[in-house]
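K.L.:
show me how the following folds:
(one chain, ligands or ions: 1)
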Amino acid sequence: MTAKPRPSFPARLDRTPGPAPARGGAMQPVPASRPAAAKPVVRQQPHGLGLDSHAVRQAMVNKLAAQGVSDVRVLSAMGTIERHRFVDSALVNQAYEDTSLPIGLGQTISKPGVVSRMAELLLNGRPDKLGRVLEIGTGCGYQAAVLSLLASEVYSIERLRGLHDKARENLRPLRLPNVHLLFGDGMAGFAKGAPYAAIIAAAGGEAVPQAWIDQLAMGGRLVAPVASSTGGQQALMVIDKTPQGLRQTVLEAVHFVPLKSGIA
Ligand code: SAH
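P.N.:
Presented below is the predicted three-dimensional model:
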């Protein structure tokens, strides 16, 4: 056989064969702003949304912008990562609605509005891309993929083996060499990758674990949903680690799955 084997993963609807990100050396930003022209795809895979996936995604991005997401890097990343590839085929038609959707094992993929809001908070208007980022709660891997376009390295931890495996499968076709999936209890963070320029939690506890604060770089920022000890209402919390100490800001109410300890 002389013909090059085609990759066995689902046909990608609108990724042009751009330059492969450099391995080992400096990270090459994936050209997130690439105009993802819909290419005719002959073999439609179960996860396909048809040829309109780009247009539907762009409509989602326009809505995010109308809701106030203004960082063009975030909007571009949201327009690049195909959310429909991260949900069950029965839910593909809802993939670009601003809603969380079940991903199995009682967990959910976060709403695009929340993913983009948190990403924007992490970037904090800084001109450069983020350095190393730690994500707690990989779930299906969607947010990790979005973050991979905004950061040099993404370490993402999941405590449920089934979802860790699912994320690995979902992300494989995207070939994002800067995403590192870890199976374990994210309450302890991941010390080996520390210090992190940013830490983001996709699950909410009653407090931010000390390990996350310890693993945050000086000048770094943590964004996490935190539940009040009374009543369990969650709010988005931003913690900046500054030479003067921790600066904590509580933002809008959110609704995330609970942060749990241990693995399963
Ligand atoms: N980031 C995902 C959201 C997943 S939902 C997305 O892109 O949509 C949150 C995830 O956090 C769940 O999969 C849940 O199992 C996980 N989680 C909860 N507590 C955790 C912990 N202590 N360590 C790691 N993952 C945790």
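
K.L.:
my read: residue 121 touches residue 237, true?
P.N.:
No - under the criterion of Cβ atoms under 8 Å, residue 121 makes no contact with residue 237, lying 10.1 Å away. Backbone N, C-alpha and C define where each C-beta goes, glycine included.

K.L.:
which residues do these two both contact?
P.N.:
In terms of Cβ atoms under 8 Å, 6 or more residues apart in numbering, residue 121 and residue 237 are both contacted by the residues 223, 251.

K.L.:
which stretches of the stretch 151-264 of the chain form helices?
P.N.:
Secondary structure of the stretch 151-264 of the chain, counting by DSSP state H, counting those that start in this stretch: helices at 161-171, 210-215.

K.L.:
which of these sits closest to residue 143?
P.N.:
Closest to residue 143 of the helices of the stretch 151-264 of the chain is helix 161-171 (Cβ to Cβ; 10.0 Å).

K.L.:
tell me the buried residues in the closest one?
P.N.:
Along helix 161-171, the positions that meet the burial threshold by neighbour count (16 or more other Cβ atoms under 10 Å) are 163-164, 166-167, 170-171.

K.L.:
now render the residues you listed as JSON lines, adding distance to residue 150 and pLDDT.
P.N.:
As requested, the buried residues of helix 161-171 are exported to JSON lines (distance: Cβ to Cβ, whole Å; pLDDT from 0 to 100):
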{"residue": "163", "distance to residue 150": "22", "pLDDT": "98"}
{"residue": "164", "distance to residue 150": "22", "pLDDT": "98"}
{"residue": "166", "distance to residue 150": "22", "pLDDT": "98"}
{"residue": "167", "distance to residue 150": "18", "pLDDT": "98"}
{"residue": "170", "distance to residue 150": "18", "pLDDT": "98"}
{"residue": "171", "distance to residue 150": "16", "pLDDT": "98"}
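
K.L.:
with respect to the ligand, which of those is nearest?
P.N.:
When the buried residues of helix 161-171 are compared for distance to the ligand (Cβ to the nearest ligand atom), residue 163 wins out at 4.7 Å.

K.L.:
and that closest one, how far is that from residue 95?
P.N.:
In this structure, residue 163 and residue 95 are 17 Å apart, going by Cβ to Cβ, to the nearest Å.

K.L.:
save the helices of the stretch 151-264 of the chain as JSON lines, and put in distance to the ligand too.
P.N.:
Compiled in JSON lines, these are given as follows (distance: least, Cβ to the nearest ligand atom, whole Å):
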{"stretch": "helix 161-171", "distance to the ligand": "5"}
{"stretch": "helix 210-215", "distance to the ligand": "11"}
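
K.L.:
between these, which gets nearest to residue 191?
P.N.:
helix 210-215 (6.3 Å).

K.L.:
contacts for the closest one next, please.
P.N.:
The contact list for helix 210-215 (Cβ under 8 Å, 6+ apart) reads 134, 136, 187-191, 193-196, 199, 201, 222, 224, 239, 241, 246.

K.L.:
what comes up buried for stretch 194-203?
P.N.:
Across stretch 194-203, burial judged by 16+ other Cβ under 10 Å covers 194-203.

K.L.:
from the contacts of helix 210-215, which land in strands?
P.N.:
Judged by DSSP state E, the subset of the contacts of helix 210-215 located in strands is 134, 136, 196, 199, 201, 222, 224, 239, 241, 246.

K.L.:
how far away is the third one from residue 88?
P.N.:
Meaning residue 196. According to Cβ to Cβ, residue 196 stands 31 Å off from residue 88.

K.L.:
next, residue 202: phi, psi?
P.N.:
For residue 202, the backbone dihedrals are phi -110, psi 10 (criterion: degrees, to the nearest 10).

K.L.:
and it, what does it touch?
P.N.:
By Cβ under 8 Å, 6+ apart, the neighbours of residue 202 are 110, 135-139, 143, 256-257.

K.L.:
can we see that at 6 Å?
P.N.:
Residues near residue 202 by Cβ atoms under 6 Å, 6 or more residues apart in numbering: 110, 137.
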